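**Q** have a look at this prediction, sequence included:
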Amino acid sequence: MTFRPGFQRKLFLTALAAAALALFVAGLLFTRSMRRQTEVRIEQTLAAEARLAGALLDQIGRNPDGGAALDREADRIGTLIAARVTFIAPDGRVLGDSAEPEEALAGLENHGLRPEVVDAARGGPGRARRYSSTVGADMLYVAITVDHPRVAYVRVALPLTDIDEQVRSVITATAVALGVALLGAALIAYLLSARMSQRVHAIAAVADRYRRGDLSPSRLHLGDDELGVVARALDESVRDLGQRLDEQARDRSRMEAILGGMIEGVLVVDPAGRVQLANQAARQMLRLDDRAIGSHYVEIIRHPAIADLVSAALSGQTPEFVQLSPPRDEHRTLVARAAPATAGGTHGAVLVLHDVTDLKRADQIRRDFVANVSHELRTPLTAIRGYVEALSEPDVDPDDARRFLAIITRHALRMERLVKDLLRLARLDARQEPLDIAPCDVRAIIQAVVADLAPSFDERRQQVTIAVAPDAASVRADPAKLHDVLRNLLVNASSYSPEATAIQVTATVAGDRTAIAIEDGGPGIPDADLNRVFERFYRVDKSRARDPGGTGLGLAIVKHLVELHGGTVQAENRPAGGARFTVSLPR
């Protein structure tokens, strides 16, 4: 609480300085006035004493020893009035002087041209201040004319040091009075500042409580003067502002929650073109950082088409939407829309970004799926139709008829497998295939699959080797579905491996997962196809496969079954040649 003593000190010093300044100015004016009045009074006293000295000259006017008597009279009068008295003849000669002996009068300068004598000759008392070489001090001279047969002027002089002493006594008394007044002003200023400081401190405490967020009404009596009126107005304003801030905070929280939960990107630009708001989706789509807020949209939006949309919206237009790819991410597709936001007669802009990548991919997958299903069904149907027409001929050889029926049967079975695989993928997509999780013997399942496919391996003279680590001998999975996963992978390995090659099946433990890998000796998978081999109907170049007559859905079913177990499957090329498919399942 350093505010209180600081404010009190400032208020006290301000009041004290104002009082001191007022007393100083008043004392200065009073001193100057008193000095002037004192000097005037002294001049008047000297003039009166000069007239008194002139009146006394009548007593020695016809004295035969007049010269000596004048000088003695000047000495006597000078002693009585404690001033220098000089008698001056009409021609300016000094006839008597209380500051000089009689024998020295003849050597004094002629005083007829002295300023005070000249002024007295003009009809009024003459006054002058100057340094006296006779006395050796600054003197105040007052001269008057007298009616005397020998003396024309009487001059009385007083040293200025005597005048200063009289003025100094007046100044001293004034200074003492001002000092007492200043002490009283300091006491009054201290009491006033202490009282004012207490009130300001109380108001400051309430303001500090408001700053900390406590907007409960204060119980202080703030007084009825201007400070109390201001404090009450501030108190009411702060509480009203607090209510408004609470409402604004609630509205902002709701808006941020709505914008944060939107998958669409929203960016708001003010009329000056500076970004005011950008939700998380917009930051990710446009690759914006924390410095984007407050920056000009031209500085942060690197796509010209989006910048043109915002510019058009700021000018009050409603431009058409734009479909584009975001910077440094050509695989994604965005749809950008901008509209003006009018407030107070000025136009801001709202930019909305829709990520339609998944929609486009889904549409493309749908198109590819329809095309592939149509192709896969059209091929066997065309063959079946052709051989049925051949069988309808009346002269068909029985051996040819049996061969035609075998071909029709094979294509019908292929269609049946295709339909079964499609139905199974549909169930997997809909999560309609339940899992029957149980401990599985990995080696036993692999051996069962190899036994099922033994005729195919024997026909191609392919050898399957099995290596199961001791700690990977058991895994928790659905035995039937794990059997289907391994069967599809081994069929795929056999189809893409040349005759008389080896296929390796290994099971190991990697952390908290069991990894089952199937490696073949085929030509491998082009790098561009590694990420697509698990797509439906996607096939690597048919020239790489010995028997491309499968449905093209086996690896897609493998991926769905593995993900149903919470695992992953990936394809890669072996350094020594061939492909490796690795299934990773939780233990």
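**A** Thanks, I have it.
**Q** okay, domains of this protein per the record?
**A** For the chain, the domain assignment from automatic domain parsing gives the residue ranges 3-167, 223-261, 262-355, 359-429, 438-586.
**Q** can I get those domains in CSV including distance to A185?
**A** C-beta coordinates here come from the backbone N, C-alpha and C atoms, glycine included. Formatted as CSV, the domains of the chain follow (distance: least, Cβ to Cβ, whole Å):
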stretch, distance to A185
domain 3-167, 3
domain 223-261, 21
domain 262-355, 54
domain 359-429, 85
domain 438-586, 87
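**Q** any chance of these in JSON lines with mean neighbour count, mean pLDDT and distance to L183 as columns?
**A** Supplementary listing: the domains of the chain in JSON lines, determined by neighbours: other Cβ atoms under 10 Å; pLDDT from 0 to 100; distance: least, Cβ to Cβ, whole Å:
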{"stretch": "domain 3-167", "mean neighbour count": "17", "mean pLDDT": "77", "distance to L183": "10"}
{"stretch": "domain 223-261", "mean neighbour count": "12", "mean pLDDT": "75", "distance to L183": "27"}
{"stretch": "domain 262-355", "mean neighbour count": "16", "mean pLDDT": "83", "distance to L183": "59"}
{"stretch": "domain 359-429", "mean neighbour count": "13", "mean pLDDT": "80", "distance to L183": "90"}
{"stretch": "domain 438-586", "mean neighbour count": "17", "mean pLDDT": "86", "distance to L183": "89"}
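**Q** ok, which of the ones you listed comes nearest S197?
**A** Smallest distance to S197 across those (Cβ to Cβ): 3.6 Å, for domain 3-167.
**Q** hang on, A181 packs against L23?
**A** Yes: counting by Cβ atoms under 8 Å, A181 touches L23, with 5.6 Å between them.
**Q** first-to-last residue distance for stretch 279-295?
**A** In terms of Cα to Cα, to the nearest Å, the two terminal residues of stretch 279-295 are separated by 15 Å.
**Q** going forward can the numbers begin at 760, since that is how I track them
**A** Okay, using 760 as the starting number, the last item reads as stretch 1038-1054.
**Q** give me the contact list for it.
**A** Outside of stretch 1038-1054, the residues that reach it under the criterion Cβ atoms under 8 Å, 6 or more residues apart in numbering are 1018-1019, 1021-1026, 1033-1037, 1059-1062, 1065, 1085-1087, 1093, 1110, 1112, 1114.
**Q** same thing but at 6 Å, please
**A** By Cβ atoms under 6 Å, 6 or more residues apart in numbering, the residues outside stretch 1038-1054 that reach it are L1018, G1019, I1022, G1024, V1025, L1026, R1033, V1034, A1037, I1059, P1085, L1112.
**Q** give the contact list for the fourth one.
**A** G1024 makes contact with A1040, A1041, M1044, L1112 under the criterion Cβ under 6 Å, 6+ apart.
**Q** okay, and the second one sits in which element?
**A** The one in question is A1041. helix 1039-1045 (DSSP states H and E).
**Q** skip ahead from that helix and say which helix or strand is next.
**A** On the C-terminal side of helix 1039-1045, the closest following helix or strand by DSSP H and E is helix 1056-1059.
**Q** who does the next helix or strand after that next one touch, helix- and strand-wise?
**A** Proceeding C-terminally, helix 1056-1059 gives way to helix 1063-1073 as the next helix or strand, assigned by DSSP H and E. Using 3 or more Cβ pairs under 6 Å, 6 or more residues apart in numbering; DSSP states H and E as the contact criterion, the neighbours of helix 1063-1073 among helices and strands are strand 1093-1102, strand 1105-1114.
**Q** give me that answer again for 10 Å
**A** Using 3 or more Cβ pairs under 10 Å, 6 or more residues apart in numbering; DSSP states H and E as the contact criterion, the elements in contact with helix 1063-1073 are strand 1024-1028, helix 1056-1059, strand 1081-1083, strand 1093-1102, strand 1105-1114.
**Q** what does it contact?
**A** Outside helix 1063-1073, the residues within contact range by Cβ atoms under 10 Å, 6 or more residues apart in numbering are 1026, 1028-1032, 1034, 1044-1045, 1056-1057, 1059-1060, 1062, 1076-1083, 1085-1086, 1093, 1095-1100, 1105-1110, 1112.
**Q** please compute how far that helix lies from its chain's middle.
**A** 27 Å (Cα atoms, centre = their mean, to the nearest Å).
**Q** as TSV, the helices and strands packed on helix 1063-1073 with distance to R1161 would be great.
**A** Listed next are the helices and strands packed on helix 1063-1073 as TSV, based on distance: least, Cβ to Cβ, whole Å:
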stretch	distance to R1161
strand 1024-1028	66
helix 1056-1059	75
strand 1081-1083	58
strand 1093-1102	60
strand 1105-1114	58
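**Q** closest to V959 out of these?
**A** Proximity of these to V959 was assessed by Cβ to Cβ; the nearest stretch is strand 1093-1102, lying at 40.1 Å.
**Q** tell me the strands beside the closest one, with direction?
**A** When sheet partners are counted by DSSP bridges, strand 1093-1102 sits next to strand 1081-1083 (antiparallel), strand 1105-1114 (antiparallel).
**Q** mind putting those in a markdown table, distance to F789 included?
**A** Supplementary listing: the strands paired with strand 1093-1102 in a markdown table, determined by distance: least, Cβ to Cβ, whole Å:
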| stretch | distance to F789 |
| --- | --- |
| strand 1081-1083 | 87 |
| strand 1105-1114 | 66 |
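**Q** and A1008, which of those is closest to it?
**A** Across those, closest to A1008 is strand 1105-1114 (Cβ to Cβ), at 22.1 Å.
**Q** any idea which helix or strand comes after the longest helix along the chain?
**A** Ordering each helix of the chain by length in residues (DSSP state H) puts helix 762-815 first. Toward the C-terminus, helix 762-815 is succeeded by helix 825-840 as the next helix or strand (DSSP H and E).
**Q** and that following helix, what other elements does it pack with?
**A** Contact here means 3+ Cβ pairs under 10 Å, 6+ apart; on that basis helix 825-840 packs against helix 762-815, strand 843-847, strand 853-856, strand 912-918.
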